[in-house]
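Asker: Sequence and predicted structure, then a few things I'm wondering about:
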Amino acid sequence: VQLQASGGGLVQAGGSLRLSCAASGRTDSLYAIAWFRQALGKEREFVAGISWSPSNTYYADSLKGRFTVSGDNGKNTVYLQMNSLKPEDEAVYYCAATNTNGRMDYWGKGTQVTVSS
């Protein structure tokens, strides 16, 4: 499985961005795709995720209400809609995928999100 994140860029505080994660390869075996982020000098953290069997979405508690994860039925593309962005949301955002309800098996290259105050 290959993953490619895109959609990052520069946005003013309070603005919105939508990130996309394009998955290719044996996506039919995937259990879930998730978004993580890593800010400069900080550890990588979980942002949001989506699973298909069962169908569910997951969020970091601190981001509920501002971020929304969604995906297509074919597990080919997962989106992360980010609203009311804050300077502390600035980070490199990565998408990752797992074949089981456990550790991430596949990682894509990240996309930079920069939030100006």
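Answerer: Nice, I can see it. Numbering: from 1, shown residues only.
Asker: How about the most centrally placed residue in the chain: what's its closest non-neighbour residue?
Answerer: Nearest to the mean C-alpha position of the chain, by Cα atoms, centre = their mean, lies residue 35 at 2.5 Å. When the adjacent residues along the chain are set aside, residue 35 lies closest to residue 47, with 4.2 Å between them (Cβ to Cβ, 6 or more residues apart in numbering). (Glycine included, C-beta is placed from N, CA and C.)
Asker: neighbours around the one you found, how many?
Answerer: If you count neighbours by other Cβ atoms under 10 Å, residue 47 ends up with 24.
Asker: again, but for residue 79
Answerer: Residue 79: 18 surrounding residues under other Cβ under 10 Å.
Asker: Over to residue 33?
Answerer: 28.
Asker: what do you get for residue 83?
Answerer: 13.
Asker: what does residue 13 give?
Answerer: Neighbour count for residue 13, taken as other Cβ under 10 Å: 14.
Asker: Show the pLDDT at the residue lying closest to it once chain neighbours are set aside.
Answerer: Leaving aside its chain neighbours, residue 13 sits nearest to residue 117 (5.0 Å; criterion: Cβ to Cβ, 6+ apart). Per-residue pLDDT puts residue 117 at 91.
Asker: same check, this time on residue 82
Answerer: Per-residue confidence (pLDDT) for residue 82: 98.
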